[in-house]
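**Q** Sequence first, predicted coordinates after that:
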Amino acid sequence: MLWIHPLLQAICMVLATWVLFMGLQRFRAQHLGIKVLFPWKRHVFWGKVVHAIWLLGFGLGLFMGWYSWGSINLTGGHFLVGVSMVPMILLSLITGLMLQKPKGRRASLALFHGTVNAVLFAMALYQAFSAVAVIELFLLP
């Protein structure tokens with residue numbers, strides 16, 4: 001049962017990479033003036049999926065840590081970065097929903113949304129690397 005969290009988050013990392021790539025296409029078009037195809041609907045849909053999986057994975061990680069080890073804070077930095085990702089995910093979702101409403105060009109909001117998501121992606125990369133140590137310490141015999 002403990003493997004659900006890392007497997008779910010690994011799948012989410014692949015999806016997050018794809019969504020970030022689509023967002024970079026938007027950045028290139030809007031801020032660099034490069035003509036590229038931006039699959040807006042696909043970016044919006046899969047972005048919501050990634051954020052939902054990240055939140056679900058966070059909840060599962062907390063539950064499984066508490067259920068299996070009686071504590072949620074045994075993984076050190078992995079736990080702390082996971083906790084700090086939650087408000088960033090919510091901020092990203094809110095700004096993404098604001099951008100989803102057609103009200104004209106909002107380049108600064110899009111840039112802020114993209115920056116928040118780039119930071120989230122960096123945090124998720126840290127989570128992936130720190131998860132290796134967590135798996136070796138707690139999940140492998």
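**A** Noted; the coordinates are in hand.

**Q** Show the low-confidence segments of this protein, by residue range.
**A** Within the chain, the segments meeting pLDDT under 70 span 1, 141.

**Q** Run through the neighbouring helices and strands of the helix ranked longest in the chain.
**A** Within the chain, and with DSSP state H defining each element, the longest helix by residue count is helix 40-69. Taking 3 or more Cβ pairs under 8 Å, 6 or more residues apart in numbering; DSSP states H and E as contact, the helices and strands that helix 40-69 lies on are helix 4-31, helix 77-100, helix 107-134. No exception for glycine: its C-beta is placed from N, CA and C like everyone else's.

**Q** Flag every buried residue along the last one.
**A** Applying a neighbour-count criterion of 16 or more other Cβ atoms under 10 Å, one finds 110, 112-114, 116-117, 120-121, 123-124, 127, 130-131, 134 buried in helix 107-134.

**Q** and it with helix 77-100, angle?
**A** 160 degrees (axes from the mean of the first three to the mean of the last three Cα atoms, to 10 degrees).
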